[in-house]
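K.L.:
this is a predicted model, with the sequence first.
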Amino acid sequence: MTEFDPAPEPSATERRWQQDEDTFSRVYDVAMGITSPTPAAEIADIAGCSPNTAKKHLDRLVDMGIVSVTRTGRSTQYERNEGYLEWQDASRIANELTVEEIIERVGELEDERANYEEEFEATDPAAVSVYDDASHETIHDRMAAVSEWRGVIRDIRLYELARQLAENDGHLIPA
């Protein structure tokens with residue numbers, strides 16, 4: 001490149017991050033976006049930093065309980081801690097709603113769960129075969145319903161956790 005060539009366009013990774021965003025924040029954002037165990041080098045590539053820097057920040061996130069780590073032989077992989085995300089969601093619910101509102105919502109969700117159990121004649125969405133019908137449309141509808149049922153079960157768990165937090169001033173058990 002000569003001194004008269006235009007400056008190269010920034011890469012997609014460089015454009016993805018705001019200029020004032022620090023490396024820790026970028027690694028955190030990437031870690032929250034991954035859905036399966038991922039090596040630090042891959043996270044570093046997405047976050048636009050060196051693998052050593054990513055590993056340092058990932059290890060800090062592991063210590064904080066935000067990320068979990070899996071070591072097999074020489075391979076180390078990181079993934080977000082789903083329990084951390086659930087805790088955040090439950091804390092938000094506990095701060096936004098009263099205990100009575102949370103209890104009311106749990107009741108509504110339990111009614112929805114009962115409707116799914118009756119519709120599919122099962123108590124667990126994993127026990128349902130969505131392919132019992134040959135029609136593509138019916139299969140699609142059953143897949144959507146089972147997915148929504150799983151969401152209802154997750155929401156019941158979140159709202160129950162939120163209720164415990166709201167009733168015990170942010171703690172799971174009375175202080």
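P.N.:
Yep, it's here. All values derive from a computational prediction rather than experimental measurement.
K.L.:
show me the protein divided up by domain.
P.N.:
12-80, 83-167 (automatic domain parsing).
K.L.:
what's the first helix or strand after the lowest-mean-pLDDT helix or strand in the chain?
P.N.:
Least confident helix or strand, the chain: helix 12-16 with a mean of 51, by mean pLDDT, DSSP states H and E. Downstream of helix 12-16, the next assigned helix or strand under DSSP states H and E is helix 23-33.
K.L.:
any idea of the mean pLDDT for the next helix or strand along the chain from that next one?
P.N.:
Sequence-wise, the next helix or strand downstream of helix 23-33 (DSSP H and E) is strand 38-39. Average pLDDT, strand 38-39: 96.
K.L.:
just checking: what are the partner strands of strand 38-39?
P.N.:
Its sheet considered, strand 38-39 pairs with strand 75-80 (antiparallel) by DSSP bridges.
K.L.:
what's the angle from the strand it pairs with to helix 23-33?
P.N.:
For strand 75-80 against helix 23-33, the angle by axes from the mean of the first three to the mean of the last three C-alpha atoms, to 10 degrees is 80 degrees.
K.L.:
and strand 75-80, what's buried?
P.N.:
Along strand 75-80, the positions that meet the burial threshold by neighbour count (16 or more other C-beta atoms under 10 Å) are 76-80. Placement of C-beta: from N, CA and C, glycine included.
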